[in-house]
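Predicted model follows, preceded by the sequence.
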Number of protein chains: 2
Amino acid sequence: MTATLRMTHQREIILQELSRCGTHPTADDLYEHVRKQLPRISLATVYRNLEILSEAGLIKKLEVSGRRKRFDWDLAEHNHISCMKCQRVDNIDTTAAQVDTLSSGRHKGYTLTGLRIEFIGLCPTCRLHSEEHKEKGEQTMGCRKSTTSTLGDQQRQVLEALAQTATPCGSKDIAAATGLESKQISCQITALKKKGYVESPARCRYEITEQGKQILSQ
Amino acid sequence: MTATLRMTHQREIILQELSRCGTHPTADDLYEHVRKQLPRISLATVYRNLEILSEAGLIKKLEVSGRRKRFDWDLAEHNHISCMKCQRVDNIDTTAAQVDTLSSGRHKGYTLTGLRIEFIGLCPTCRLHSEEHKEKGEQTMGCRKSTTSTLGDQQRQVLEALAQTATPCGSKDIAAATGLESKQISCQITALKKKGYVESPARCRYEITEQGKQILSQ
DNA sequence: ATGTAATTGATAACTATTATCATGTCAAGA
DNA sequence: TCTTGACATGATAATAGTTATCAATTACAT
């Protein structure tokens, strides 16, 4: 395991593409899009980074059925609905109450740590074009949603630590304050900067922005 | 596509092993067990038959997360709970009411055709041996359950047709009576014989047993 | 500005599954 | 009971999706 996560150009573009498309792309989907900006990027780099970034809590790895893994920029807890035909995956809102009804209590001696709900159906597009497009209908990654993404747990922790201190601080200070592994700090900070919640008045010094304070108070 | 499904020795043993183990084995799990009775069987045969048998409705293919497909002898509608650590899969009971709450209404314009609920947790064994077995804990297919399996749709149809006629009849008659593709009849009959719901008084002649009448009236 | 651990691109390796094909076998009808 | 041809099998190659390897490059704390 590494001690520090770096925000490389490749990583930045991958995050950017994932945030731009409102969908739940596979590694390969993203590769095709990232390639337009970084023609020399390797598919392995995309796979590697999606794995690393999801472990670091910057993005989410989806556990939906099907052979290919999918990734999600939206860190908020939510379930999914997928199309039988084109495999496209969309978000659904299941209220906490509904989920609680199902997950309350222990089952078969298991200690419950999660619940995965996946609706299966035919998406509007596939229903219409029901005859024509045979199996070819793999989703095109359009920009359907201007994602207002939620903070990940670690991002929130970092932001809270920055809110506490008056003076701009370095990543070591943040590591100490949050108790987080220093490995992920700098990467989280870069992500927070991109979102506009953090700024850097001097090299390696960071402070929270007004926008950052606002999102914390929500 | 084939016109008739045959009940080969390999298919019989695969079904037998799947019915004996109360678990939800992968193709490879089953291969290892079937091999004890048929040392010359090919892994491809196991994969092929699991696919064919699930298409014919004799068994069920599970769509749980994780990379490997799993199969189920129990044809009744039910959901699953899987262990984060050893990937083992068990059944859970979710009442129709609970599921209805979740699945009622349309979502995002999708036409709903299914709902998949998967609980994630740590199974009792993994919780206990939490430190020792590292990743090696892939389930051993024990005989934990004496499965009283439910009839598949097609099996029920065949059985109902047999219940209607007084005299033992051949598979063509059954095909005509049920309107099912003749392809699956003989295979379904063999399965029903194994379950004790059908018997054959003469070659290629079949009739329903007392037990068979009983299960129909449930 | 610098040293070094983290990351990259290229590619081999890997896991799970499906396809191919020559050979063998099941089962409906005679 | 025998025949016959469609169906199934075993061995193995091929495929899809992902992960591992490694020499060369690069981001970043100091």
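Received the coordinates, thanks. On a predicted model such as this, the values are computed, not experimentally measured, just so you know.

What parts of chain A come near DNA strand D?
For chain A, the residues in contact with DNA strand D under the definition C-beta under 7 Å from any atom of the strand are A:4, A:6-9, A:26-28, A:43-44, A:47, A:51, A:67-69, A:170-172, A:185-187, A:190, A:203-204. All C-beta spots, glycine's among them, are computed from the backbone N, C-alpha and C.

Sort out for me which of the residues you listed are in helices.
A:9, A:27-28, A:43-44, A:47, A:51, A:171-172, A:185-187, A:190 (DSSP state H).

Pull out the buried members of the residues of chain A next to DNA strand D.
Taking 16 or more other C-beta atoms under 10 Å in any protein chain shown as the criterion, what is buried in the residues of chain A next to DNA strand D is A:7, A:26, A:27, A:69, A:171, A:185, A:186, A:187, A:190.

Going by neighbour count, list what's buried in stretch A:71-79.
A:71, A:72, A:73, A:74, A:75, A:79.

If we check chain B, which of those are in contact?
Among these, none lies close to chain B by the criterion of C-beta under 8 Å from any C-beta of the partner chain.

Show me chain A divided up by domain.
According to automatic domain parsing, chain A comprises the domains A:9-62, A:77-128, A:153-217.

isn't residue A:173 right up against residue A:165?
Yes: counting by C-beta atoms under 8 Å, residue A:173 does reach residue A:165; the two are 7.3 Å apart.

So residue A:53: helix, strand or coil?
helix (DSSP: H, G, I helix; E, B strand; the rest coil).

Test my guess that it contacts residue A:14.
Yes: with contact defined as C-beta under 8 Å, residue A:53 reaches residue A:14; the gap is 7.4 Å.

who has more neighbours, these two?
A side-by-side neighbour count of residue A:53 and residue A:14, using other C-beta atoms under 10 Å in any protein chain shown, places residue A:14 first with 27 against 21.

How much space separates residue A:91 from chain B?
Using C-beta to the nearest C-beta, to the nearest Å, one gets 8 Å for the distance from residue A:91 to chain B.

Could you do residue A:28 as well?
Distance of residue A:28 to chain B, computed by C-beta to the nearest C-beta: 16 Å.

coming back round to it: which pair in the ones in helices among the residues of chain A next to DNA strand D spans the largest distance?
Greatest spatial distance among these (C-beta to C-beta): A:28 and A:172, at 38.2 Å.

lowest-confidence helix or strand of chain A?
Lowest by mean pLDDT, DSSP states H and E among the helices and strands of chain A is helix A:96-103, with a mean of 59.

residue boundaries of the strands in chain A?
Remark: strands assigned in chain A by DSSP state E are A:60-62, A:70-72, A:79-83, A:89-92, A:111-122, A:198-202, A:205-208.

was I right about residue A:162 contacting residue A:198?
Yes: using C-beta under 8 Å, residue A:162 is in contact with residue A:198, at 6.5 Å.

Determine the residues that are contacts of both of the two.
A:206, A:207, A:208, A:212 (C-beta atoms under 8 Å, 6 or more residues apart in numbering or on different chains).

Out of those residues, who's the most crowded?
Of those, with other C-beta under 10 Å as the count, residue A:206 tops at 24 neighbours.

For it, give the beta-bridge partners.
With DSSP bridges as the criterion, residue A:206 is bridged to residue A:169.

How about the contacts made by the closest residue to residue A:211 other than its chain neighbours?
Among residues not flanking residue A:211 along the chain, residue A:196 sits closest, at 5.0 Å (C-beta to C-beta, 6 or more residues apart in numbering or on different chains). Each residue near residue A:196 by C-beta under 8 Å, 6+ apart is listed here: A:209, A:211, A:212.

Tell me the buried residues in stretch A:8-23?
A:10, A:11, A:13, A:14, A:15, A:17, A:18, A:19, A:21, A:22, A:23.

farthest-separated two in those residues?
Taking C-beta to C-beta, no two of the buried residues of stretch A:8-23 sit farther apart than A:10 and A:22, at 22.0 Å.

where's residue A:66 relative to residue B:63, distance?
Using C-beta to C-beta, to the nearest Å, residue A:66 is found at 8 Å from residue B:63.

That should have said residue A:27, apologies.
Distance of residue A:27 to residue B:63, computed by C-beta to C-beta: 21 Å.

returning to that earlier point: which of residue A:173 and residue A:165 has more residues huddled nearby?
Between residue A:173 and residue A:165, counted using other C-beta under 10 Å, residue A:173 has the larger neighbour count: 17 against 14.
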